[in-house]
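Asker: With the input below, show me the fold.
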Amino acid sequence: VVTLIGIQPELVRAIGIPWPYAWDATQDQYGWRKSGLILHSALQQWEEERQSKGLQGQPQFVIADSPATAAALDAHLPPNAPVIQPHPDYPRVHVIESAGLAHQYHLWPNYSHAFNQSRRPFKGQHALYVTNSTDGLLPPEIRHAFQSTEVASVIAIQRQRQPLMRWTFYHCREYTGLPL
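Answerer: Alright, predicted model coming up:
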């Protein structure tokens with residue numbers, strides 16, 4: 001029985017037992033499609049606001065709080081999302097820039113690599129930072145790389161009326177890069 005609950009917790013919920021997702025070892029597989037659609041909607045809304053104010057320029061880019069979040073959101077973001085992608089090799093959702101190689105995702109092309117080249121498609125552009133952190137603190141790599149940041153929205157995703165994910169979106173204006 002314990003193995004069945006561990007492998008198929010949806011069966012427990014199907015018979016009416018309120019099994020919290022916090023206890024669910026499979027919870028990471030749920031909510032990503034909806035998260036990608038919500039991110040797409042937020043990007044479109046911000047783009048429409050900028051256009052209504054007569055602001056021109058490229059669309060924004062997206063930064064996620066972790067490689068796993070970046071990969072999952074990139075995979076579930078619709079293909080027509082208004083994001084900067086200077087070359088098909090670039091992901092549409094980036095990880096936070098870092099001076100070191102903390103993980104393999106830092107080997108991929110990203111907004112900070114482009115900043116160091118002669119062509120700077122991200123310099124001066126805006127970003128949407130996506131995090132599931134609940135502490136309300138922005139990482140210094142985000143705070144110091146942009147002229148200003150502000151909370152855009154907090155989104156709670158539920159599955160079967162139970163909390164599953166919570167995202168905070170930050171508008172980050174005018175990417176300058178980290179000071180050396």
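Asker: So which elements touch the longest helix belonging to the chain?
Answerer: The residue-count maximum for a helix in the chain (DSSP state H) belongs to helix 32-52. Where contact means 3 or more Cβ pairs under 8 Å, 6 or more residues apart in numbering; DSSP states H and E, helix 32-52 is packed against helix 67-76, strand 127-131, strand 146-159, strand 162-175. Every residue, glycine included, has its C-beta placed from N, CA and C.
Asker: Make JSON lines out of those and add distance to Pro82 and mean neighbour count.
Answerer: What follows is these, written out as JSON lines (distance: least, Cβ to Cβ, whole Å; neighbours: other Cβ atoms under 10 Å):
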{"stretch": "helix 67-76", "distance to Pro82": "14", "mean neighbour count": "18"}
{"stretch": "strand 127-131", "distance to Pro82": "10", "mean neighbour count": "24"}
{"stretch": "strand 146-159", "distance to Pro82": "15", "mean neighbour count": "14"}
{"stretch": "strand 162-175", "distance to Pro82": "14", "mean neighbour count": "18"}
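Asker: In CSV: the ones you listed, plus mean pLDDT.
Answerer: CSV is the format used below for these (pLDDT from 0 to 100):
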stretch, mean pLDDT
helix 67-76, 92
strand 127-131, 95
strand 146-159, 90
strand 162-175, 89
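Asker: Out of these, the one nearest Arg120 is which?
Answerer: Evaluated over these, closeness to Arg120 peaks at strand 162-175, with 9.3 Å, by Cβ to Cβ.
Asker: and the closest one, which strands flank it?
Answerer: Applying DSSP bridges, strand 162-175 is found paired with strand 127-131 (antiparallel), strand 146-159 (antiparallel).
Asker: Pipe the ones you listed into a markdown table and attach distance to Glu49 per row.
Answerer: Listed next are the strands paired with strand 162-175 as a markdown table, based on distance: least, Cβ to Cβ, whole Å:
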| stretch | distance to Glu49 |
| --- | --- |
| strand 127-131 | 12 |
| strand 146-159 | 10 |
